[in-house]
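Colleague: Sequence and predicted structure are below.
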Amino acid sequence: MFNGNIVFFGAGSMAEAMIAGMVASGTIPLEQIQVTNKSNPERLNALKEKYNIQITPREALELQSADLLILAMKPKDIEDALDRLKDQLMPHHVVISLLAGISTAFIEKRLGNHTRVIRVMPNTSSTIGESATAMATGQFVSNEDKQKVEELLKACGAVYILEEEHIDIFTGIAGSGPAYFYYLIEHIEKVGEAAGLDKQLARQMGAQTILGAAKMIMKNDATPTELREKVTSPNGTTAKGLEALAAYGGGKAIREAVLSATRRSKEMSLHYARPKTKTVDQD
Ligand SMILES: NC(=O)C1=CN([C@@H]2O[C@H](COP(=O)(O)OP(=O)(O)OC[C@H]3O[C@@H](n4cnc5c(N)ncnc54)[C@H](O)[C@@H]3O)[C@@H](O)[C@H]2O)C=CC1
Ligand SMILES: O=C(O)[C@@H]1CCC=N1
């Protein structure tokens, strides 16, 4: 059981995914999870209704009894959020950032006072406890902080401890990754439907196929290449499918998706690392 109080600063998709994962796992009592946002009290009420957690408007937030402060706003809001947080920060707080492209050094510098900062990159599969989550620690974090946060994150799925330099590629693979697979299924359901299948059925068939393939890989008995070869009969259907994938640049498309997301993460880090310039923000 997690011992401590956590506050989510941000009540969007990612905060909700993690709250859902934590609540479902039962590893943290509901009264120890608090969430606030910038505006939109209706959104806070909806989260309270759904998960029975604590909600507090930003202006009324009191951080004395909080242990972990989880930053879950968009990168464009980070500077304002840190400036507001600075005055309320206490030495016992550990700051966890979920933000893409924001380094621990940036947060440490902005908050000052040797703040303990952990950078976390989860994904939305946290909702069902199946996230691939990375964490990298800032320079003032203790081993005890690290272990405590790792245990908490396990409520949302698998946790990988990385050097911070690898968080960008992890973001390209796993933070953004669910979207690539949703995109794949969007196309599978379209082609299935066009061939006369019920759309929902085509969706389920595609998803079950991804799930099965992922589980085969996780068993670790064979490499993805060996597994692919087992599916592929000479001059059979799979060979034709794979030929088409190669002919249409499937491998390149996958590589470029991961690398483009990774580049964007790096670009955002560089933007926030340098003194104020024109914006590269996302909406
Ligand atoms: N959506 C995803 O799949 C993932 C998102 N992330 C990161 O999580 C962060 C949040 O992403 P989403 O949930 O998708 O965004 P979102 O736009 O759905 O939610 C952002 C939330 O932050 C709140 N907010 C803004 N400024 C605030 C402040 N100063 N104090 C408190 N709350 C504030 C907004 O009111 C809103 O509730 C981003 O930085 C993103 O890089 C990381 C991994 C995956
Ligand atoms: O698209 C984004 O920037 C966020 C970070 C990783 C996934 N979603």
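Modeller: Done, it's in. Numbers count the residues shown, from 1 in each chain. Ligands and ions are numbered 1, 2, ... in the order given.
Colleague: where's residue 26 relative to residue 129, distance?
Modeller: For residue 26, the distance to residue 129 (Cβ to Cβ, to the nearest Å) stands at 11 Å. (C-beta placed from N, C-alpha, C; glycine too.)
Colleague: Sorry, slip of the keys, the one I care about is residue 234.
Modeller: Look at residue 234 and residue 129: by Cβ to Cβ, they are 41 Å apart.
Colleague: before we move on, what about residue 101?
Modeller: Using Cβ to Cβ, residue 101 is found at 26 Å from residue 129.
Colleague: who touches whichever residue of the stretch 151-283 of the chain sits closest to ligand 2 in this structure?
Modeller: Distances from the stretch 151-283 of the chain to ligand 2, computed as Cβ to the nearest ligand atom, single out residue 175 as the nearest residue at 3.5 Å. With contact set as Cβ atoms under 8 Å, 6 or more residues apart in numbering, residue 175 has these partners: 100, 121-123, 134, 261, 265.
Colleague: For those residues, give me TSV that also has secondary structure and neighbour count.
Modeller: Formatted as TSV, the entries for the contacts of residue 175 read as follows, by DSSP: H, G, I helix; E, B strand; the rest coil; neighbours: other Cβ atoms under 10 Å:
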residue	secondary structure	neighbour count
100	coil	22
121	strand	27
122	coil	23
123	coil	24
134	strand	26
261	helix	21
265	helix	23
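Colleague: Correct me if wrong: residue 101 contacts residue 272.
Modeller: Yes - counting by Cβ atoms under 8 Å, residue 101 sits close enough to residue 272 to count as a contact (6.9 Å).
Colleague: Report the set of residues contacting both of these two.
Modeller: Overlap between the contact sets of residue 101 and residue 272, as judged by Cβ under 8 Å, 6+ apart, is given by residue 75.
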